[in-house]
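Visitor: Could you work out the structure for the sequence below:
(one chain, ligands or ions: 1)
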Amino acid sequence: MKQIQWFPGHMAKARREITERLKMIDVVFELVDARIPLSSRNPMIDDIVGNKPRLILLNKADMADPAITKQWEAYFEERNVRTVTVNSKSGQGLNRIPEIAKDLMKDKINKMIEKGVKPRAVRALILGIPNVGKSTLINRLANKKMAKTGDRPGITQRQQWIKVGKELELLDTPGILWPKFEDQTTGFRLAVTGAIKDEILDFGDVAFFAVQYLKEVYGDQLRERYKLEDLTAPPIEVFEEIGRKRGCLLKGGEIDYDKAAEIILRDIRSEKLGALSFERPSDF
Ligand SMILES: Nc1nc2c(ncn2[C@@H]2O[C@H](COP(=O)(O)OP(=O)(O)OP(=O)(O)O)[C@@H](O)[C@H]2O)c(=O)[nH]1
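Guide: Sure thing, here's the model as predicted:
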């Protein structure tokens, strides 16, 4: 299987840049896709972030299955990782972020107070894979009033801080770390949710994976959307039935697999089957 954007040189450069910026911040906000919270993480992130306090933001929660998102919250909590479930587009959940960030930094704040230093705003950096919603989140948090608080010395690139209320400052450019998929399932999950470009994996394979998964986990939604009667048939027959129902037929009456695949993926991504999650803690 093809591996995308995982040229060691790119990763090494991204890593260097992020490590440099980590020196300036107190807390990392790691943005993941609530529909695939593990597959949308960069596998090297723990190593890169090290001991910095971290908050995982389960973004695009509006597109994810709320019951599964609850399971993911519990999953991370069991592992002592703080999470906030958010919708960066609407802003839902974002108001909890400054408070939790402050709490994550409380040891540092207490030390400042002990030394007689006035505690300053918490400084944070947003990290995440492409298309996970980093810019949307930054704009939302900034509330469009992009307040500059001046450059900090000692870095090659000019960085601006965005003020979020009185108690939080964000670096204006997020850190991008690519996903990596050594196993096919991770690749398919990333593709179904649109985290990686459609040219990277075979469109038909991705749609077929989706039908297999939906048949198992979201049978009702699948049945309802495509007016299917029999979901006990093998996945390929269900796929073909969807094709027939949606009129994806070639001249001789044969199923147009490409067309059916296109429709299925478009429907999933535009939430025609409702809010769905594509991985569950029980899958691991
Ligand atoms: N439904 C929904 N869509 C979201 C949410 N957050 C972001 N999006 C959408 O996801 C897409 C990608 O968002 P961006 O903010 O551009 O993502 P990014 O991580 O900055 O992307 P790169 O610049 O590629 O690294 C856009 O179409 C956003 O509108 C969310 O919480 N819910």
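Visitor: where's residue 199 relative to residue 42, distance?
Guide: 21 Å (C-beta to C-beta, to the nearest Å). To be clear about C-beta, it is placed using only N, CA and C from the backbone, and glycine gets the same treatment.
Visitor: Please report how far the residue lying closest to residue 130 once chain neighbours are set aside lies from residue 120.
Guide: In this structure, residue 130 finds its nearest non-sequential neighbour in residue 176, 6.0 Å apart by C-beta to C-beta, 6 or more residues apart in numbering. Separation of residue 176 from residue 120 (C-beta to C-beta) stands at 27 Å.
Visitor: If you count surrounding residues, which of those two has more?
Guide: Between residue 176 and residue 120, counted using other C-beta atoms under 10 Å, residue 176 has the larger neighbour count: 19 against 12.
Visitor: Bridging across strands, which residues link to the more buried one?
Guide: Going by DSSP bridges, residue 176 is paired in beta bridges with residue 128.
Visitor: Residue numbers of the protein in contact with the ligand?
Guide: 59-60, 62-63, 87-89, 128, 130-136, 176 (C-beta under 6 Å from any ligand atom).
Visitor: So for residue 272, what's the nearest residue that isn't a sequence neighbour?
Guide: residue 225 (6.2 Å).
Visitor: List the contacts of the one you found.
Guide: By C-beta atoms under 8 Å, 6 or more residues apart in numbering, the contact set of residue 225 is 267, 272, 273.
Visitor: try it again with 10 Å
Guide: 214, 218, 242, 245, 246, 264, 267, 268, 272, 273, 274 (C-beta atoms under 10 Å, 6 or more residues apart in numbering).
Visitor: got the CA coordinates for the helix or strand hosting residue 185 in PDB?
Guide: Secondary structure from DSSP states H and E places residue 185 in helix 184-192. Output in PDB follows, covering the C-alpha atoms of helix 184-192 (Å, rounded to 0.1, in the frame of the first residue of the first chain):
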ATOM      1  CA  GLN A 184      -5.100  -0.900   5.500                       C
ATOM      2  CA  THR A 185      -7.900  -0.200   8.000                       C
ATOM      3  CA  THR A 186      -6.400   3.000   9.200                       C
ATOM      4  CA  GLY A 187      -6.000   4.100   5.600                       C
ATOM      5  CA  PHE A 188      -9.600   3.300   4.900                       C
ATOM      6  CA  ARG A 189     -10.900   5.100   8.000                       C
ATOM      7  CA  LEU A 190      -8.900   8.200   7.000                       C
ATOM      8  CA  ALA A 191     -10.200   8.000   3.400                       C
ATOM      9  CA  VAL A 192     -13.800   7.500   4.300                       C
END
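Visitor: Next secondary structure element downstream of that helix?
Guide: Next in line after helix 184-192, if elements are assigned by DSSP H and E, sits helix 203-217.
Visitor: now the helix or strand just after that next one and helix 203-217, what's the angle there?
Guide: Counting by DSSP H and E, the next helix or strand C-terminal to helix 203-217 is helix 219-226. Angle, helix 219-226 to helix 203-217, by axes from the mean of the first three to the mean of the last three C-alpha atoms, to 10 degrees: 130 degrees.
Visitor: Give me the contact list for the helix or strand that helix 219-226 is followed by.
Guide: Of the helices and strands lying after helix 219-226 in sequence (DSSP H and E), the nearest is helix 235-245. For helix 235-245, contacts defined as C-beta under 10 Å, 6+ apart pick out 204, 207-216, 219, 222-223, 225-234, 248-250, 253-261, 263-264, 267.
Visitor: Please repeat the previous calculation with a cut-off of 7 Å.
Guide: Applying C-beta atoms under 7 Å, 6 or more residues apart in numbering, the contact partners of helix 235-245 are 208, 211-212, 215, 226-228, 231, 255-257, 260, 264.
Visitor: so residue 267 makes contact with residue 273?
Guide: Yes: with contact defined as C-beta atoms under 7 Å, residue 267 reaches residue 273; the gap is 6.0 Å.
Visitor: Residue 249: how many residues sit nearby?
Guide: Neighbour tally, residue 249, other C-beta under 10 Å: 14.
Visitor: Distance check, it against the ligand.
Guide: 33 Å (C-beta to the nearest ligand atom, to the nearest Å).
Visitor: There's contact between that residue and residue 256 in this structure, I believe.
Guide: Yes: using C-beta under 7 Å, residue 249 is in contact with residue 256, at 6.0 Å.
Visitor: Which one of residue 199 and residue 42 is surrounded by more residues?
Guide: Neighbour count, other C-beta under 10 Å: between residue 199 and residue 42, residue 42 has more, with 23 against 9.
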